[in-house]
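>>> structure, please.
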Amino acid sequence: MFELFAGRRGRVAAGLLVAEFTAATQSLIVTTVMPRIAADLHGLSLYGFAPAALFGASLISMSFAGPFADRHGTQRVLALSFALTLVGLFASMLAPTMAFFVGARGIEGFGGGLDYAVSVAAIAKVFPEHLRPRMFAWTSAMWLVPGLIGPGLGAFIAATIGWRHVFSIFIPLVVVSAALVLPALRGITMARSEADPLGSIRVLFSRNTLLLRDRRGVSIVEFALLQAAFFGADAYVSLLLTAVRGQTLALASLCITLAVVGWSIGSTAQPRLLTTMGTRAIVICGAALGIVALGTLLAVVAGAPVLFAYVAWTIGGLGIGLSFATLTLSSLAESPEGSEGTVSSATVLAGSLGSCIGIFVCGLPITVAHEMSAPLDGALMWTFAIALALACAMLVVAPRLPARA
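I've put the predicted structure just below:
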């Protein structure tokens, strides 16, 4: 631990972890209070567009963040990301309409995409290979405390002083993260290259990736499927519990909390399991757990005991916790020195694309049902069925991963 947090590199690590903690807490709180936001702003028909805007904007920024960091350094990109995140937080807090709120989430998503892509690249550039799994484990651990207190805190804030204050509490954390990371990066020498500005897009949409011809391509596609399945369902779990099964917002937040606990357990166990099981076996296990979880959520929509939803989403969190860092490390293992940003950008771009498509496609049945005045439970059956199909696709692709990265 001392080696990871020593000197300038330690300040970079601390700043990146604060940023991850901020992103984790905000993600969980906003997901929990989205039903309240949509109700107050009279925007149920745009419910799915708010998270889709967040991921969609991040998708755009990720496409050039990594190559720009390879060419000009990570500090510039991270400085821009912090500025945009602050603007997005202020705009979300002051949103007068649902459409304005969707736009504000898009601005923050653009900044978050820069931060996400370059943070992964920074881990590859700043930390030696033997410290990277530990840093990724710490990054995942930043979701544990938010998972325990975030959803409940969000429900409490929304019920007492109002959901707008949810966004104000993150502004100081963004400032602290910037103050730690940006000065420390000035004193760290990192390899640079004349990176192609569209390099990450070329990697992502190359024949090797789309046709699963090499190990990096398989890892990238699998990463996209993982996030499409999990986040495509996660965005609507709270809606299922509150609007269909009659649970309170506080109880719905507990389900999100349990998913994060499962994620933290999986990510904590992942570094040790990686040495014993290998990449392929871990990802197959994660996909299987996701299938079990999503199948159970379908049963809850159909009338199974609501308690099953809490068990199911804990299992779903465990599955993504095992697979997330495993697939990230697998793709980074194929990045030559000086091109870590391009490969990391391609990887997180694939993940964000998967999340955006998953959330949007899984949300379409809800939008259609609202416009047609159809029952919400029937729409949610389609929502979780789509997510289940994505998890099954992940299981099909997983055997093509290398046994060990």
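>>> just the helices in the stretch 301-405 of the chain please.
307-332, 340-372, 376-397 (DSSP state H, counting those that start in this stretch).
>>> using TSV, please lay out these together with mean neighbour count and distance to Asn208.
In short, each C-beta sits where N, CA and C put it, glycine included. Below are the helices of the stretch 301-405 of the chain laid out as TSV (neighbours: other C-beta atoms under 10 Å; distance: least, C-beta to C-beta, whole Å):
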stretch	mean neighbour count	distance to Asn208
helix 307-332	24	12
helix 340-372	24	11
helix 376-397	21	14
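>>> nearest to Ser238, of those helices?
Within the helices of the stretch 301-405 of the chain, the stretch nearest Ser238 is helix 307-332; the backing value is 10.4 Å (C-beta to C-beta).
>>> can you redo the helices of the stretch 301-405 of the chain as TSV with distance to Gly43 and mean pLDDT?
Listed next are those as TSV, based on distance: least, C-beta to C-beta, whole Å; pLDDT from 0 to 100:
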stretch	distance to Gly43	mean pLDDT
helix 307-332	25	91
helix 340-372	11	86
helix 376-397	16	94
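>>> pLDDT score for Glu337?
If you check Glu337, the pLDDT there is 67.
>>> scratch that, Glu334 is what I was asking about
67.
>>> which of the helices of the stretch 301-405 of the chain sits closest to Leu41?
Short answer: helix 340-372, nearest of the helices of the stretch 301-405 of the chain by C-beta to C-beta, at 14.7 Å.
>>> would you reformat the helices of the stretch 301-405 of the chain as JSON lines and include distance to Pro51?
Below are the helices of the stretch 301-405 of the chain laid out as JSON lines (distance: least, C-beta to C-beta, whole Å):
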{"stretch": "helix 307-332", "distance to Pro51": "16"}
{"stretch": "helix 340-372", "distance to Pro51": "5"}
{"stretch": "helix 376-397", "distance to Pro51": "13"}
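>>> ok, which of the ones you listed comes nearest Val87?
The closest of the helices of the stretch 301-405 of the chain to Val87 is helix 340-372. By C-beta to C-beta, the value is 19.5 Å.
>>> by contact count, what packs against the closest one?
helix 49-72, helix 98-126, helix 199-204, helix 215-234, helix 307-332, helix 376-397 (3 or more C-beta pairs under 8 Å, 6 or more residues apart in numbering; DSSP states H and E).
>>> re earlier: ok, which of the helices of the stretch 301-405 of the chain comes nearest Phe21?
Using C-beta to C-beta, the helices of the stretch 301-405 of the chain put helix 307-332 closest to Phe21, at 16.4 Å.
>>> just want the angle from that closest one to helix 340-372.
When axes from the mean of the first three to the mean of the last three C-alpha atoms, to 10 degrees is applied, the directions of helix 307-332 and helix 340-372 differ by 150 degrees.
>>> out of the helices and strands packed on helix 340-372, which comes closest to Ala19?
It is, among the helices and strands packed on helix 340-372 and with distance given as C-beta to C-beta, helix 98-126, at 6.0 Å.
>>> toward the C-terminus, what is the element adjacent to the closest one?
Downstream of helix 98-126, the first helix or strand assigned by DSSP states H and E is helix 132-141.
>>> downstream neighbour of that following helix in the secondary structure list?
Next along the chain after helix 132-141, taking DSSP H and E as the criterion, comes helix 144-160.
>>> which other helices and strands contact that following helix?
In terms of contacts (3+ C-beta pairs under 8 Å, 6+ apart), helix 144-160 is packed against helix 7-40, helix 165-168, helix 249-276.
>>> could these go into JSON lines alongside mean neighbour count, mean pLDDT and distance to Glu108?
Shown next, in JSON lines, are those (neighbours: other C-beta atoms under 10 Å; pLDDT from 0 to 100; distance: least, C-beta to C-beta, whole Å):
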{"stretch": "helix 7-40", "mean neighbour count": "22", "mean pLDDT": "85", "distance to Glu108": "9"}
{"stretch": "helix 165-168", "mean neighbour count": "18", "mean pLDDT": "88", "distance to Glu108": "9"}
{"stretch": "helix 249-276", "mean neighbour count": "21", "mean pLDDT": "84", "distance to Glu108": "19"}
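>>> please point out which parts of stretch 288-304 sit buried.
288-294, 296-298, 300-301 (16 or more other C-beta atoms under 10 Å).
>>> returning to what we had before: what's the closest of the helices and strands packed on helix 340-372 to Val175?
Closest among those, using C-beta to C-beta: helix 98-126, at 13.5 Å.
>>> so Ala117 touches Ser345, yeah?
Yes: the pair Ala117 and Ser345 qualifies as a contact (C-beta atoms under 8 Å) at a distance of 4.5 Å.
>>> pLDDT value on Val300, please?
93.
>>> distance check, Val126 against Gly10.
Val126 is 10 Å from Gly10, where distance means C-beta to C-beta, to the nearest Å.
>>> just Ala155 next, same as before
The value you get for Ala155 to Gly10, if C-beta to C-beta is used, is 35 Å.
>>> got it, and Phe360?
39 Å.
>>> same check, this time on Thr268
Distance from Thr268 to Gly10, by C-beta to C-beta: 21 Å.
>>> so what's the backbone phi/psi at Tyr47?
Main-chain dihedrals, Tyr47, degrees, to the nearest 10: phi -50, psi -50.
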